[in-house]
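Student: After the sequence you'll find the predicted model.
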Amino acid sequence: NSVNLSLHSFSLDFLIVHDNKGKDEGRLAIISIKGKTQPEYFPFNFSNGLNELYFGSDLEAVTAVPTAPSSFMALTSNGKVIYFRLGERKGESFLLKQFDLPNLPKNPNIEGFAVQEIDGKLLAVWAERGEGKKPAIIYWGTLNLPSYKIELKGSKSLTVPWPNSPHLRHISDLKIDRSGVLFISSATDPGNDGPFTSAVYIAGVFVVNGNEVSFRQNLDLFPLYRLDYHKVEAIELVPGANGGIIMGTDDENMGSWVYMP
C-alpha cells in the first residue's frame, strides 16, 4: 500500500459501508487518512438494534448527494436506497427517506450506486454486478429529490476483458465525475481466502440533453489500474493535486486496504 503524494499534511475522510447481514454488525464507518500515517477507523455506534433496522442488510454502495450538503445515499444489494444526513458529531446520522430503485429485476444483485449533478440534472447510476460469462448491467435514470423517485432512462450490458476468471464480477463499484465519465471497478472473488485480483476502467460517458440521458459506452476497455491479491469493492474520485482514484478493498480473511495509486 503506497501513497504517492508530495505533501504530508493532507487530510481525507471517507464514509464507507459494510455488506454485513447480522444483527449488531457494523453498517457505516468513517476512514480518516492524514498524511502518510496509518488510516484511522471510526465505526458508527448504534444502539437498541437501530443499526440493523436503520440501514437494512448487505449494503453494497454509498454516494454523496451533490445538491444536499452532508447527505448521502446507501444502497443494499436488493435495490433499497437509504437517504440520510450526517450530524455534526462523527458517527451521528439522521434518516431522511428509504425508497427502492425502479424496475428492479427478480432477485437483484446490485453492486455500485452513484449520484452526480450534470447540466442541472441529478443522474443516478447503478449496476447488477454480473459474474463470469454473465455480463454486468448498467442502469441509469434521473433522480427527483423532492419526490424520492428515479425515472429510469436506459440500461446496457457490459463485460470487462480482465481479470479473466469464472469468478469475475464485472462491476464491483462505480462512480461518475462531473463531466459524466463513468469509472468502474471489477474484481474476482473465488472465496474468503482468495486469491483476488481487481481492475479499474473507464466504462464510458453519460450525456444529458434536456430530459434525455444517453450513455456512450467505451468499446475499447483497458485497465487503468490492476491490483493483484486485492478485491476492490469501493472506488472514489477525489479532485485536486492530492486526489486521484481512491480504492477500498474487502479481502475477506486477509482484511481490508485503502489504496491510493
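Tutor: Received the coordinates, thanks.

Student: residues near the closest residue to residue 28 other than its chain neighbours, how many?
Tutor: Computed as Cβ to Cβ, 6 or more residues apart in numbering, the closest residue to residue 28 that is not its neighbour in sequence is residue 44, at 4.1 Å. Using the backbone N, CA and C atoms, a C-beta is placed for each residue, glycine as well. Neighbours of residue 44 under the rule other Cβ atoms under 10 Å: 19.

Student: Distance check, residue 44 against residue 226.
Tutor: 33 Å (Cβ to Cβ, to the nearest Å).

Student: Also residue 168?
Tutor: 13 Å.

Student: If you count surrounding residues, which of those two has more?
Tutor: Taking neighbours as other Cβ under 10 Å, residue 168 and residue 226 compare with residue 168 leading, 26 against 11.

Student: Let me see the backbone angles for that one.
Tutor: Main-chain torsions, residue 168, degrees, to the nearest 10: phi -70, psi 130.

Student: again, but for residue 53
Tutor: Backbone torsions for residue 53, taken as degrees, to the nearest 10, come to phi -70, psi -40.

Student: the helices in the chain, which residues?
Tutor: 50-55 (DSSP state H).

Student: Mind naming the longest strand for it?
Tutor: Ranked by residue count and defined by DSSP state E, the top strand of the chain is strand 197-209.

Student: Parallel or antiparallel, list what pairs with it.
Tutor: Using DSSP bridges, the strands paired with strand 197-209 in its sheet are strand 181-188 (antiparallel), strand 212-217 (antiparallel), strand 225-228 (antiparallel).

Student: Having no further points to raise, I will conclude here.
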